[in-house]
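In: here is my input, please return the structure:
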Amino acid sequence: MAKASSGSKQTNHWIILIVVALAQFMVILDVSIVNVALPSIQHAFHMTNETLQWIVTIYTLIFGGFLLLGGRAADLFGRRKMFLIGVALFSLASLVDGLAHSGSILIISRGLQGLSGAILSPAALSIILVTYKEGHERNVALSVWGAVASGGAAAGVLLGGIITQYFGWRWNFFVNVPIGIFVFYMATRLLPSHESTVDHSDLDLFGAITATAGLITLVYALVKAPTLGWTSTTSITYFGISIILLLAFLYNESRVKHPLVPLGIFRIRNLSGANLLQLCMAAALFSVFFFTTIYLQEILGFSPIRTGLSFLIIPIIIGIAATNVPRIIQKVGYRPILIVAPLIVSAGLFWLSFIPVNGNYWTDVAPGLALLGLGMGMTFVSVTIAATSGVPKHEAGLASGILNTSQQIGGSIGLAVLTGIATSSTANYLKNQNLHMMPSQEMIAQSVVHGFQNGYLVASTFGVAASLIAVFVIHQAKVKKTHSSSEAVAIV
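Out: Numbers count the residues shown, from 1 in each chain. Predicted coordinates:
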């Protein structure tokens with residue numbers, strides 16, 4: 001895009017930033033806004049916890065699975081075109097979410113939301129990268145982009161509580177429709193047309209489909225295995241199908257001329273290590289919002305708004321930690337932080353594994369959430385620098401996309417595994433009581449909390465695994481001052 005030559009052109013640049021950032025706000029918002037509404041949705045459609053988690057999982061799984069394909073499509077078919085398609089599909093899927101008359105319809109339309117988010121998000125970021133020249137101007141734009149991303153996650157839990165309590169859970173989805181219409185209208189007026197600058201039009205659709213189908217099948221198997229049995233015919237069949245699909249993906253990527261993910265990039269040690277670390281961290285953290293939301297509302301009796309306010313301690317501490325970590329990285333590097341920070345997250349999850357039925361937020365929940373916020377804030381910046389150190393400039397975008405994908409996929413798999421563990425623990429707790437009559441409400445509450453305790457406890461081991469990856473896989477590269485500051489705004 002041509003360099004701005006007038007004040008008017010420069011003003012348009014910043015309006016473009018607001019428009020695309022607003023679109024990204026919708027995408028990030030919908031990861032967290034639904035969490036506070038989960039108990040209301042569960043009551044409306046009489047869903048089990050096992051089924052309920054798919055409302056969160058299907059969105060993040062398909063979003064992560066198609067994220068790289070969405071970025072490739074923006075390069076091949078034009079950023080503006082794919083951005084508009086993504087906004088339109090996201091708004092339509094949100095409308096269907098709000099109108100859903102069953103849990104199954106809601107889960108399917110959430111999957112469509114995830115797909116449209118995977119189209120929209122990379123196109124939006126690439127628009128920013130070509131609109132602002134490299135240097136201070138782009139860094140300012142990326143800092144706004146990063147603030148919107150973290151703000152969307154923070155606003156989601158609070159906004160979700162307000163909307164659920166005063167307007168009903170359906171408006172958590174309806175709210176996207178007018179925003180989407182506004183963004184679409186402004187984008188048609190402001191965004192310049194963009195044609196492909198790539199010398200081919202090969203879209204690795206087979207690679208994207210096999211990868212995503214394999215991951216969805218794997219997650220489904222992990223959800224069902226604790227109930228059906230890990231060695232049951234059904235579980236083995238699903239695991240077998242997922243392995244075949246993922247092997248087909250790897251074979252395709254090694255043979256196709258223009259792969260979705262060039263496998264050679266994983267020869268970069270830090271990139272592979274950082275992605276494994278990110279996958280472990282996301283696997284541990286996605287369960288926090290799911291379990292804690294249900295615990296606060298169903299066990300402690302919090303209102304949706306009070307639940308939303310209870311989570312604000314996390315983004316506040318993340319903001320403080322992430323702002324100060326770059327200065328620490330300049331002194332000691334990112335590797336020591338990546339060794340320590342996951343252990344802080346594990347400590348927070350371990351604290352939460354002791355939540356009682358008659359708990360108190362400030363003594364039983366808040367300390368754990370505070371530790372999580374501190375560990376997450378320290379990890380975000382450090383893992384991004386580690387994932388991009390040693391990566392050639394022409395593959396920096398791919399490296400960032402893979403890291404984001406690892407986060408979404410890790411979160412989906414982790415939530416499936418931990419929900420399965422919690423559900424199985426709850427059922428076993430009731431079975432071991434040798435009840436001769438229907439269990440009381442108090443007994444049911446005790447069994448549910450017991451399941452959450454085991455879920456948190458297992459989640460805490462993922463942080464230990466992440467720390468060990470930092471010890472044995474990630475090596476320290478020289479960190480430049482400008483590098484750390486730019487990465488900070490890219491991830492926060």
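In: what's the single longest helix in this structure?
Out: Using DSSP state H, we find that the single longest helix of the chain is helix 7-45.
In: what's downstream of that helix, the next helix or strand?
Out: Tracing the chain C-terminally past helix 7-45 and defining elements by DSSP states H and E, one meets helix 49-65 next.
In: so where is the stretch 201-350 of the chain shaky, pLDDT-wise?
Out: Residues of the stretch 201-350 of the chain meeting the criterion pLDDT under 70: 201-202.
In: now do the strands in it.
Out: Per DSSP state E, counting those that start in this stretch, the stretch 201-350 of the chain carries no strands over any range.
In: tell me where it has helices.
Out: Along the stretch 201-350 of the chain, counting by DSSP state H, counting those that start in this stretch, helices occupy 205-228, 233-255, 269-294, 304-311, 313-332, 335-352.
In: quick check: which of those is nearest to Tyr361?
Out: helix 304-311 (6.1 Å; C-beta to C-beta). From N, CA and C alone the C-beta is placed, and that goes for glycine too.
In: output the closest one as PDB - backbone C-alpha positions only.
Out: What follows is helix 304-311, C-alpha atoms only, in PDB (Å, rounded to 0.1, in the frame of the first residue of the first chain):
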ATOM      1  CA  PRO A 304     -23.400 -14.200  36.200                       C
ATOM      2  CA  ILE A 305     -22.200 -10.600  36.800                       C
ATOM      3  CA  ARG A 306     -20.500 -11.500  40.000                       C
ATOM      4  CA  THR A 307     -18.900 -14.400  38.200                       C
ATOM      5  CA  GLY A 308     -17.600 -12.100  35.500                       C
ATOM      6  CA  LEU A 309     -16.100  -9.700  38.000                       C
ATOM      7  CA  SER A 310     -14.500 -12.600  39.800                       C
ATOM      8  CA  PHE A 311     -12.300 -13.400  36.700                       C
END
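In: other residues contacting it?
Out: With contact meaning C-beta atoms under 8 Å, 6 or more residues apart in numbering, helix 304-311 is reached by 36-37, 40, 157-162, 164-165, 289, 292-293, 296-297, 302, 361, 365-366, 369.
In: now with 10 Å?
Out: 32-33, 35-40, 153-166, 169, 288-289, 292-297, 300, 302-303, 361-362, 365-366, 369, 373 (C-beta atoms under 10 Å, 6 or more residues apart in numbering).
In: just the buried ones from those residues?
Out: Among the contacts of helix 304-311, those classed as buried by 16 or more other C-beta atoms under 10 Å are 32-33, 35-40, 153-165, 169, 288-289, 292-297, 300, 302, 361, 365, 369, 373.
In: taking the centroid of this structure, which residue is nearest it?
Out: Residue closest to the mean C-alpha point of the chain, counted by C-alpha atoms, centre = their mean, is Gln408 at 4.4 Å.
In: so it touches Val27, yeah?
Out: No. In this structure, Gln408 is not within contact of Val27 by C-beta atoms under 10 Å, at 11.3 Å.
In: between these two, what contacts are shared?
Out: Common neighbours of Gln408 and Val27 (criterion: C-beta under 10 Å, 6+ apart): 59, 63, 114, 117-118.
In: now those in a markdown table, with neighbour count, distance to Arg79 and pLDDT?
Out: As requested, the shared contacts of Gln408 and Val27 are exported to a markdown table (neighbours: other C-beta atoms under 10 Å; distance: C-beta to C-beta, whole Å; pLDDT from 0 to 100):
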| residue | neighbour count | distance to Arg79 | pLDDT |
| --- | --- | --- | --- |
| Tyr59 | 27 | 23 | 88 |
| Phe63 | 31 | 19 | 85 |
| Gly114 | 28 | 20 | 91 |
| Gly117 | 30 | 16 | 90 |
| Ala118 | 27 | 14 | 87 |
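In: check these and tell me the two furthest apart.
Out: Within the shared contacts of Gln408 and Val27, Tyr59 and Ala118 form the most distant pair, 10.3 Å apart (C-beta to C-beta).
In: what does the domain assignment say about this structure?
Out: 7-195, 205-257, 267-492 (automatic domain parsing).
In: what ranges in the stretch 351-492 of the chain fall below the confidence cut-off?
Out: Low-confidence segments of the stretch 351-492 of the chain (pLDDT under 70): 393-398, 400, 434-436, 477-492.
In: residue contacts, Phe302?
Out: Contacts of Phe302 by C-beta under 10 Å, 6+ apart are 36, 39, 161, 293, 295-296, 308-310, 361.
In: so how far is Val365 from it?
Out: Look at Phe302 and Val365: by C-beta to C-beta, to the nearest Å, they are 10 Å apart.
In: overlap in contacts, these two.
Out: Jointly contacting Phe302 and Val365 under the rule C-beta under 10 Å, 6+ apart are 295-296, 310.
In: and these as JSON lines, adding distance to Ala93?
Out: Compiled in JSON lines, these are given as follows (distance: C-beta to C-beta, whole Å):
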{"residue": "Tyr295", "distance to Ala93": "29"}
{"residue": "Leu296", "distance to Ala93": "28"}
{"residue": "Ser310", "distance to Ala93": "29"}
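In: looking at those, which is nearest Gly463?
Out: Among the shared contacts of Phe302 and Val365, Tyr295 lies closest to Gly463 (C-beta to C-beta), at 19.8 Å.
In: before we move on, the earlier item: where do the contact lists of Tyr59 and Ala118 overlap?
Out: Common neighbours of Tyr59 and Ala118, using C-beta under 10 Å, 6+ apart, are 27, 408.
In: ramachandran angles for Leu312?
Out: Main-chain torsions, Leu312, degrees, to the nearest 10: phi -60, psi -20.
In: counting neighbours, what do you get for it?
Out: 15 (other C-beta atoms under 10 Å).
In: residues contacting it?
Out: Counting by C-beta under 10 Å, 6+ apart, the residues that Leu312 touches are 154-155, 157-158, 369, 373.
In: which two in these are spaced the farthest apart?
Out: Spanning the widest gap among the contacts of Leu312 are Ala155 and Leu369, at 16.9 Å by C-beta to C-beta.
In: against Ile105, how distant is the closest residue to Ile409 other than its chain neighbours?
Out: Spatial nearest neighbour of Ile409, chain neighbours left out: Gly64 (4.7 Å); criterion: C-beta to C-beta, 6 or more residues apart in numbering. To Ile105, Gly64 is 22 Å away according to C-beta to C-beta.
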